[in-house]
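Participant: below is the sequence, then the predicted model.
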Amino acid sequence: VRPFQDYISTTLERECGHVSASLICTLNVLALVEESNRRSNTLPIEEFYNPLISEKMDVLQHYIVWRQNATAGTRGFSFCSFPFLLNNEAKSNLLQTEARLTMHEMIQKSRMEQMFGGIFRLGE
């Protein structure tokens, strides 16, 4: 796992955060290794955390892309598609962001329904 992590970090640093096709291939291979590890529990999950991605990358921006992809059915790149790379602090920040976004959307939906007297049922 360490050689994959080293390659990922080195490539991201050298490319100033640009995600190349070779990096995506490496992430996909690492995802297969992580999936296999979940079945065998050979390595601790912390081995799969990538400090550079968890601490230095704009994970929140990647989350927004990931969420938009899920909503629109598109397949743009996001590190959130590889959650095993994120440490617990990064995951906690994402969950807090998700909660705030969901609350904001619910408030907006409620206001729209109040404004239009229930004429339009949003999301139905």
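Facilitator: Sure, I can see it.
Participant: need the helix or strand of the protein with the lowest average pLDDT.
Facilitator: helix 59-72 (a mean of 76; mean pLDDT, DSSP states H and E).
Participant: and it, what's buried?
Facilitator: Buried residues in helix 59-72, counted by 16 or more other CB atoms under 10 Å: 59, 62, 63, 65, 66, 67, 69. C-beta: built from backbone N, CA, C; applies to glycine.
Participant: contacts for it, please.
Facilitator: Here helix 59-72 makes contact (CB atoms under 8 Å, 6 or more residues apart in numbering) with 53, 74-81, 86, 90, 93-94, 97-98, 101.
Participant: also stretch 5-23?
Facilitator: Stretch 5-23 has contacts (CB under 8 Å, 6+ apart) with 26, 27, 30, 48, 50, 51, 52, 53, 57, 77, 85.
Participant: excluding its backbone neighbours, what's nearest the third one?
Facilitator: By the measure of CB to CB, 6 or more residues apart in numbering, the closest residue to residue 30 outside its immediate chain neighbours is residue 4, 4.7 Å from it.
Participant: same check, this time on the last one
Facilitator: Nearest non-adjacent residue to residue 85, counting by CB to CB, 6+ apart: residue 50, 4.5 Å away.
Participant: any chance of the buried residues of helix 59-72 in JSON lines with distance to residue 35 as columns?
Facilitator: Listed next are those as JSON lines, based on distance: CB to CB, whole Å:
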{"residue": "59", "distance to residue 35": "21"}
{"residue": "62", "distance to residue 35": "20"}
{"residue": "63", "distance to residue 35": "22"}
{"residue": "65", "distance to residue 35": "23"}
{"residue": "66", "distance to residue 35": "19"}
{"residue": "67", "distance to residue 35": "23"}
{"residue": "69", "distance to residue 35": "21"}
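Participant: so how far is residue 17 from the spatially most central residue of the chain?
Facilitator: In the chain, the C-alpha nearest the mean C-alpha coordinate belongs to residue 80, at 1.4 Å (CA atoms, centre = their mean). Residue 80 sits 15 Å away from residue 17, taking CB to CB, to the nearest Å as the criterion.
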